[in-house]
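> Got a predicted structure here, sequence first:
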Amino acid sequence: MSTHHTLLEVEHLTMRFGGLTALSDLSLNVAAGQITSIIGPNGAGKTTFFNCLTGFYKPTEGAVRMHHPQHGALLLNEMPSYHVARKAGVVRTFQNIRLFPNMTVLENLIVAQHNALQTASRFSLAGLFGRAGYKAARQQALEKAEMWLTRLKLLDLADTAAGNLSYGTQRRIEIARALCVDPLLICLDEPAAGLNPRESAELNELLVYLSREHGKGVLLIEHDMNVVMRVSDHICVLNFGNKIAEGTPQQIQQDPNVIKAYLGEEETDEKVAA
């Protein structure tokens, strides 16, 4: 179990698309071993924020700094997207499930480790000739996949085609696949979408387990307030690209600006959409 040191620092992050400001001067800290949720109405800038963190977008202004135990402070906004996961240890899942449906669950988790396997294979040469280094890397990838399947209670489904499983189970597999690259911070984009109450409760347990027992930083975009309020240590609320509140679940539930924005109360004339 890790201490709750700052893992990610977001400083004055702004993202503009032409005349549209999707994020405006956002600052936020995310701690290791805790669950930080980003909430807000549709169009608030939540997914844009994730895209800036993970290299899909280059922010117009500001900095996103990851504190890595081996590499020190890394500016994510200056890194190519493929280095954000590989070097900085930041991975994400998406609103739409992106598993390989015709592959087995185990194969999906091994494919996630393709970078390590490619390096070990010397881009196919060592793999082609059965070199010991490649065999060892493949065995290590297999063991890591089996470890996460065991911990997430999915091992009995290892040989099942991922596309044949329930929506909630596929969500868990996606998270298991992301964990196979040893992330420090895992960014989950609406993981509770489409889940039934039992699956939602299982997701809650999983998120708490990853943060508390494995010290992962968990950054969560979620519309399901039952999930958010039950698992979050810290919540940041966005509306029209602006941070309108930040604090504990209890503080957020009582904040009048949050209630107004999130429950969709009638806007006053002075509210100007960015």
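Structure's in. What do you need?

> Domain map for this structure?
1-89+183-274, 101-180 (automatic domain parsing).

> Comparing those domains by mean pLDDT, which bottoms out?
With a mean of 82, domain 101-180 has the lowest mean pLDDT of the domains of the chain.

> Kindly check the end-to-end length of that domain for me.
End-to-end distance for domain 101-180, by Cα to Cα, to the nearest Å: 18 Å.

> what's the span of stretch 52-63, first residue to last?
Across stretch 52-63, first to last residue, Cα to Cα, it's 10 Å.

> buried set for it?
52-55, 57, 59, 62-63 (16 or more other Cβ atoms under 10 Å). Glycine gets a C-beta too; all of them are placed from N, C-alpha and C.

> Same check on stretch 192-204?
Across stretch 192-204, burial judged by 16+ other Cβ under 10 Å covers 192, 195, 199-200, 202-204.

> out of the residues you listed, which are inside helices?
Judged by DSSP state H, helices contain the following of the buried residues of stretch 192-204: 199-200, 202-204.

> Could you work out the most separated pair of those residues?
199 and 204 (9.9 Å; Cβ to Cβ).

> Which strand residues bridge the residue lying closest to residue 6 once chain neighbours are set aside?
Computed as Cβ to Cβ, 6 or more residues apart in numbering, the closest residue to residue 6 that is not its neighbour in sequence is residue 29, at 5.1 Å. Under the criterion DSSP bridges, residue 29 forms beta bridges with residue 9.

> ok, now which ones touch residue 97?
167, 170-171, 174 (Cβ atoms under 8 Å, 6 or more residues apart in numbering).

> related to what we said a few turns ago, mind putting the buried residues of stretch 52-63 in a markdown table, secondary structure included?
Putting the buried residues of stretch 52-63 into a markdown table (DSSP: H, G, I helix; E, B strand; the rest coil) gives the following:
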| residue | secondary structure |
| --- | --- |
| 52 | helix |
| 53 | helix |
| 54 | coil |
| 55 | coil |
| 57 | coil |
| 59 | coil |
| 62 | strand |
| 63 | strand |
